[in-house]
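Engineer: sequence plus predicted model, see below.
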Amino acid sequence: MEKELKRPIRVLVAKVGLDGHDRGAKVIATSLRDAGMEVIYTGLRQTPEMVVNAALQEDVDAIGISILSGAHMTVFPKVIEIMKQKKLDNVLLTGGGIIPEKDMQALKEMGVGELFAPGTSMSSIVEYITDWVATNRNF
């Protein structure tokens, strides 16, 4: 279902920790931008604090974390904790990378949105973020 948005969606794309592989994050950022979203890419080696602070400063609708290092069960819970401390409870936390299905389920139960595995179509990621923002942040 197509919902009309009153403004461009703002998304922060981040790489947290020592994970130095950013090709996927750059592909996602470009695809989101091509879909009409405003994208802020933080670059490599960010801390959870840096990501949440950037999200606050940039007034984003969604944070997308790309993670290939295996640290997803540390990174996502820490980002959620900081988002709660900073009262950033109306921002989507989503992401993708190499994350086992059982860990994806555990992270979703903690409050993380949809997580995307390698090979997911860009259109399904764009659609998910667009639908979430239209439902939760269409102001």
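Structural biologist: In hand now; what should we look at? Numbering: from 1, shown residues only.
Engineer: for the rest of this, base every contact and every neighbour count on C-alpha atoms.
Structural biologist: Noted.
Engineer: and the helix or strand in which Met50 is found, which residues are buried?
Structural biologist: Here Met50 sits within helix 48-58, counting by DSSP states H and E. For helix 48-58, the neighbour count (16 or more other CA atoms under 10 Å) marks Pro48, Val51, Val52, Ala54, Ala55, Leu56 as buried.
Engineer: who are the packing partners of the helix or strand bottoming out on mean pLDDT in the chain?
Structural biologist: Every helix and strand in the chain was compared by mean pLDDT, DSSP states H and E; the lowest is helix 23-34, with a mean of 94. Counting contacts by 3 or more CA pairs under 8 Å, 6 or more residues apart in numbering; DSSP states H and E, helix 23-34 packs against strand 10-15, strand 38-41, helix 122-136.
Engineer: what lies in contact with the first one?
Structural biologist: This points to strand 10-15. 22, 25, 29, 37-46, 51, 54-55, 59-67 (CA atoms under 8 Å, 6 or more residues apart in numbering).
Engineer: in the protein, where is pLDDT below threshold?
Structural biologist: 1-4 (pLDDT under 70).
Engineer: tell me the bridge partners for the most centrally placed residue in the chain.
Structural biologist: In the chain, the centroid-proximal residue (CA atoms, centre = their mean) is Gly64; its distance is 1.4 Å. When assigned by DSSP bridges, Gly64 has beta-bridge partners Val13, Thr94.
Engineer: distance of it relative to Gln85?
Structural biologist: 19 Å (CA to CA, to the nearest Å).
Engineer: how far does the helix holding Met50 sit from its chain's centre?
Structural biologist: 12 Å (CA atoms, centre = their mean, to the nearest Å).
Engineer: angle of the least confident helix or strand of the chain against strand 10-15?
Structural biologist: 170 degrees (axes from the mean of the first three to the mean of the last three CA atoms, to 10 degrees).
Engineer: other residues contacting helix 23-34?
Structural biologist: In contact with helix 23-34 (CA under 8 Å, 6+ apart) are residues Val13, Ala14, Lys15, Glu38, Val39, Ile40, Tyr41, Ser66, Met122, Val126.
Engineer: between the residues you listed, which is nearest Lys6?
Structural biologist: Glu38 (13.5 Å; CA to CA).
Engineer: brilliant, that's me finished.
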